[in-house]
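In: Below is the sequence, then the predicted model.
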Amino acid sequence: MKSILFVCLGNICRSPAAEGVMTTLLKKHGITNVLVDSAGTSAYHVGDMADMRMKDHARLRGYELNSLARRFDPMDDFKKFDLILTMDQSNYNNVLRLAPQEELKAKVQRFTDWCKIHEVSEVPDPYSGGAEGFELVMDIIEDGCQQILIKLRD
Ligand code: 4NP
């Protein structure tokens, strides 16, 4: 079993979208041995469903976002997941800072390092912006998840 955790700030927009896209792609390709989850570095929205705007933009592309927000748990998550993919620089710094052991930091990568089409270093936080921000999140996430899928199929 391989395992991937997507991490953003609130766990209601970007990381649930990545979880939903990755889960859908894996299912579509009959890959059943990969565990996918998401979490937020903050506790602002713990227990909440994904943001309605994010859910709508994802649904228009065929992805249902069903996760409930939870906070990143350094003790459990660093142990449980092989790969921890953060959405922006702040998430990346925060997750690295929380690593319980130095060698576990190797599990943390920027999500955007997986992208092939989008030459960006962050998935921008869409929370306080408009529809185009949510579309951009979906574009970047589909790009990165497609490349992760290719790697998992190899
Ligand atoms: P996310 O977006 O990190 O992609 O889930 C955000 C959600 C909520 C807030 C910020 C970003 N907030 O400040 O409440």
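Out: Perfect, I can see it now.

In: didn't R153 look like it was pressed against V34?
Out: No: the pair R153 / V34 is not scored as a contact, 10.5 Å apart, by Cβ atoms under 8 Å. C-beta coordinates here come from the backbone N, C-alpha and C atoms, glycine included.

In: Between the two, point out the one with more neighbours.
Out: V34 (17 against 10; other Cβ atoms under 10 Å).

In: Got the phi and psi for the closest residue to the more buried one other than its chain neighbours?
Out: In space, and not counting its chain neighbours, V34 is closest to K2: 4.9 Å by Cβ to Cβ, 6 or more residues apart in numbering. Main-chain torsions, K2, degrees, to the nearest 10: phi -100, psi 160.

In: how about K2, what does it touch?
Out: 33-35, 82-83, 152 (Cβ atoms under 8 Å, 6 or more residues apart in numbering).

In: Could you check the pLDDT of D154?
Out: D154 is assigned a predicted lDDT (pLDDT) of 84.

In: Run a quick neighbour tally on it.
Out: Neighbours around D154, by other Cβ under 10 Å: 5.

In: where's it relative to the ligand, distance?
Out: The gap separating D154 from the ligand is 29 Å, by Cβ to the nearest ligand atom, to the nearest Å.
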